[in-house]
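Colleague: Just to be clear, the model below is a prediction. Sequence and coordinates:
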Amino acid sequence: MKNLLAALVGTVALAMAPVAMSAEATKELKMAYDADPVTLDIHEQLSGGILQLSHMSFDPLVRWTKDLGFEPRLAESWERVDDKTMRFKLREGVKFHSGNELTTKDVKFTFERLKRSQDFKAIFKPFSGINVIDDYTFELVTSEPFPLLLNTATYIFPLDSEFYSGETADGKKKDAILKHGNSFASDNLSGTGPYLVKSRQQGVRMEFERFADYWDEESPGNVKKIVLTPIKENNTRVSALLSGGVDFIAPVPPTDLDRIKRDKDSQLVTMSGTRIILFHMNQDRVEAFKNPKVRQAIAYAINQEGIAAKIMKGFATPAAQLSPAGYQGHNESLKPRYDVKKAQELMKEAGYEDGFTITMMAPNNRYVNDDKIAQAAAAMLARINIKVDLKTLPKAQYWPEYDNRAADMMLIGWHADTEDSANFYEFLTFCPEADSGAGQYNAGNYCNPEIDALVEKASVETDMDKRADILQDVEKRLYDDAAFVPLHWQDLAWASKKNVKIEPILNVMNFPYLGDLVVE
Amino acid sequence: MLAFLVQRISQAALVMFVISVIAFAIQDGLGDPLQEMVGMSVSQEEREALREELGLNDPMVVQYLRFAGKAIQGDLGKSYFYGKPTLTVIAEHLPATLELVIGASLIIMFLSVPIGVYAAIRPQEWLAKFFMGVSTVGISIPVFLTAIVLIQIYSIGVTVEWFPEDTGWGQWLNGALSTEGGMPSYGRGEDLTYLFGTWNSGFFTERGLMHLVLPCISLASIMLPLFIRLIRAEMMEVLQSDYIRYARAKGLSAARINFLHALKNTMLPVITVGGVQIGIMVAYTILTETVFQWPGVGLMFLEAITRSDIPLIVAYLMVVGLIFVVTNTLVDLIYGLVNPTVKLTGKKA
């Protein structure tokens, strides 16, 4: 009877919880990521860690939902005025950590600072300006019709303009963005987000505290204090969770998935990710790669499903294209095409029956199992008589080699900052052009102006259905042409103690909405 | 004495110079620091501008001279990642490492001397043989393995179900072999006591000490067998020498012979080796600190390498070089105290 009563009380409390939660955030969360944010200035670097911080201490105008839709945050509503203009209505009564109130002048300040940021200016290039209409209404204007306006608005986390304006005691401008050395913004922060930064010892620990005047009173989040410890070593991070030292960890290495599943106090959440892993075949270095038949032969020779199952232990989704499911360019009809016989035939038709020797490079600490993937691919290519001379390097040494296009086949992983297909093509398959920066990571030197033109057409197409058709056509053409060798989309994994309800706050972008986290 | 110090200081300067030159020469092989400073999608143009700003485009000699000019004034540059002077960053991380080394040294000292002496005096006892056997095994287990096993047993806990639960003895054995876990597995904890400067200590609170236990044992595990074997071998040799035999003939008590006359001479080579080993231990902390996420200079250095944080790498190597020189100097000084026949400047006695 007593138990029944307790259960009843528990249920009632749970049902009532969302109503009055934000007022009584009482729980403490200890969590461990593989790294802590390098700076408190969210415009200094565009990286996963900084975006995670942005979602803790700031709020975007709109944010992604789990199924890659948009939900209003600081922008209450929006409407298209014309092809190039979107009008936003700002939420009223939102307070910054400093106590200042959020108005359009803060949005304008933030927008202009983003345009100055080395890392963000490329994303904001399509925008020509911002029109402030009144304290709570503004318009974002683009120079061409821009279908990804809302995608980009997820990067606008309004900064407290008053807080970041003026000069520090020693005469430095507070709004300066400094990549190296300390600026005011890299040590101080005032946003509208659910958590204040209470203390920070870089590389050691960071402490957050729930912002008492947080605007989102409907948020179910009940965590008052968050302690973030960066734990780089995979094994140590998992041990910290299993020993009860922390309540929430990310990422979880594939080798430890079973260990966490077996632990009765822990839970594991995995998701198919959006980061594509692929090989480029450099046509400038290898004459044979100019022949589409040779490229197709390689595409047929690589067993994506085998790599995903054996090397990634199921912790990856085999890919035959760049766009993951949910992206506009994702083309359902494209499937991995592993077929060694076919590959051998194609090599014969191309006149390379006896094969040739190539060099291959891959990082060994950047992506999950990156070096093992490269080894497997090299072994698979041996079956069509392509001898591979493989070299794997730590990431710090690998990227300079990549920039020099130092090998015939090079491995790269790519995540589209805009969560949109076009970003893949612009960086990975566009004809390389140093001036415009197109094809910056196209280490294959694959160049098909026809496809580039299609992508550019899609980039100004605001009819989303039409746009999807174009992008899916692009994906199909790249597939037929075997422009590159896609391998898989790397899965994501998080783990926590059972009483920490992480599932609802996680998403494929890998920025957990910790403000809404419920701990029982 | 003065001549000795002058000689050592000039040696230190030479060591630091050589290290800085080597560190600068290999920095191209360490990778591109920009990769960690900018997002993937930043254009080549922006990268080039930043490179210029950081002075990375200058010829190596120019970069080195600029560095050396500042270094003479005690400025070893700014860390790219921390955005602070490298010496400040190192000063912030050094106490954690020193506490780890001190803890491990204490464990080594209090265990190796009694065990080593015992094994030398009673080499035939089964316990002495057992110690020697264990130390042989211990010396061949890599430190990260020791650390992972310790974490599994004492932090996470293990449940043993090898024996039948339904018998009394099986239950007892299972219970005896299972562990609860609960020891901290990472970091220094929150209960640190502020001492001075950048030094926050874990030695003064219970939680702080708990955090120190596993990392210190792991670190000590590599050196302990070495010291036990060294002390045993030296002691056995000393026990064979003439003056010990005379002392025995004179009728001195065994304790007086063993602990006053023999041990003192045993310790001479041990101190020399010990000094060098403390320096090596600083290097071993890199592994221990990585496994335990111990926020010391070892972990800091490893991360600096993955980030190609070149100023920090150079500064760390120079500081470690200095630590080596200083510990060796101290060892020589202590040596002189223990054995007055040793002259410091190397002149004939």
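Modeller: Received the coordinates, thanks. Since the model is a prediction, treat every value here as computed from it, not as a measurement. Numbering: from 1, shown residues only, chains lettered A, B, ... in the order given.
Colleague: which parts of the stretch 251-400 of chain A sit against chain B?
Modeller: Contacts of the stretch 251-400 of chain A with chain B, taken as C-beta under 8 Å from any C-beta of the partner chain, map to A:365, A:394-400. Every residue, glycine included, has its C-beta placed from N, CA and C.
Colleague: So which of the residues you listed is the closest to residue B:152?
Modeller: Nearest to residue B:152 among these: residue A:365, at 24.2 Å, using C-beta to C-beta.
Colleague: Do me a favour and get the backbone dihedrals for the closest residue to residue A:432 other than its chain neighbours.
Modeller: Distances taken as C-beta to C-beta, 6 or more residues apart in numbering or on different chains place residue A:439 nearest to residue A:432, at 3.7 Å, with adjacent residues excluded. Here is the backbone geometry of residue A:439 (degrees, to the nearest 10): phi 60, psi 30.
Colleague: Could you measure from residue A:439 over to chain B?
Modeller: From residue A:439 over to chain B the distance is 11 Å, taken as C-beta to the nearest C-beta, to the nearest Å.
Colleague: And the pLDDT for the residue of chain A found nearest chain B?
Modeller: Chain A approaches chain B most closely through residue A:396 (2.9 Å), counting by C-beta to the nearest C-beta. We have a pLDDT of 82 for residue A:396.
Colleague: got it, and residue B:348?
Modeller: At residue B:348, the pLDDT recorded in the model is 44.
Colleague: go on, residue B:285?
Modeller: The model reports residue B:285 with a pLDDT of 87.
Colleague: Quick one: neighbours of the closest residue to residue A:327 other than its chain neighbours, just the number.
Modeller: Using C-beta to C-beta, 6+ apart and skipping residues adjacent in sequence, the residue nearest residue A:327 is residue A:421, 4.8 Å away. Applying other C-beta atoms under 10 Å in any protein chain shown, we find 27 residues neighbouring residue A:421.
Colleague: residue contacts, residue A:421?
Modeller: Residue A:421 is in contact with A:322-323, A:327-330, A:471, A:474-475, counting by C-beta atoms under 8 Å, 6 or more residues apart in numbering or on different chains.
Colleague: same question, residue B:121
Modeller: B:235, B:239, B:258.
Colleague: would you list those residues in JSON lines and tack on distance to chain A, neighbour count and pLDDT?
Modeller: Formatted as JSON lines, those follow (distance: C-beta to the nearest C-beta, whole Å; neighbours: other C-beta atoms under 10 Å in any protein chain shown; pLDDT from 0 to 100):
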{"residue": "B:235", "distance to chain A": "39", "neighbour count": "25", "pLDDT": "91"}
{"residue": "B:239", "distance to chain A": "45", "neighbour count": "18", "pLDDT": "89"}
{"residue": "B:258", "distance to chain A": "44", "neighbour count": "21", "pLDDT": "85"}
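Colleague: if we can go back for a sec, show me which of the residues of the stretch 251-400 of chain A next to chain B are buried.
Modeller: Buried members of these, counted by 16 or more other C-beta atoms under 10 Å in any protein chain shown: A:395-400.
Colleague: could I get these as a markdown table with secondary structure?
Modeller: Converted to a markdown table, those look like this (DSSP: H, G, I helix; E, B strand; the rest coil):
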| residue | secondary structure |
| --- | --- |
| A:395 | helix |
| A:396 | helix |
| A:397 | helix |
| A:398 | helix |
| A:399 | helix |
| A:400 | helix |
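Colleague: nearest to residue A:520, of these?
Modeller: Looking across those and measuring by C-beta to C-beta, the closest to residue A:520 is residue A:395, at 38.8 Å.
Colleague: Around residue B:183, how many other residues sit close by?
Modeller: Residue B:183 has 19 nearby residues by other C-beta under 10 Å.
Colleague: again with residue A:144
Modeller: Count around residue A:144 with other C-beta under 10 Å applied: 13.
Colleague: so it touches residue A:126, yeah?
Modeller: Yes: the criterion here is C-beta atoms under 8 Å, and residue A:144 meets it with residue A:126 at 6.6 Å.
Colleague: Look at the residue of the stretch 51-200 of chain B found nearest chain A and say how many residues are nearby.
Modeller: Proximity to chain A, evaluated over the stretch 51-200 of chain B using C-beta to the nearest C-beta, is greatest for residue B:155 at 3.8 Å. Counted by other C-beta under 10 Å, the residues lying close to residue B:155 total 22.
Colleague: same thing with residue A:520?
Modeller: Residue A:520 has 13 nearby residues by other C-beta under 10 Å.
Colleague: same check, this time on residue A:349
Modeller: Count around residue A:349 with other C-beta under 10 Å applied: 14.
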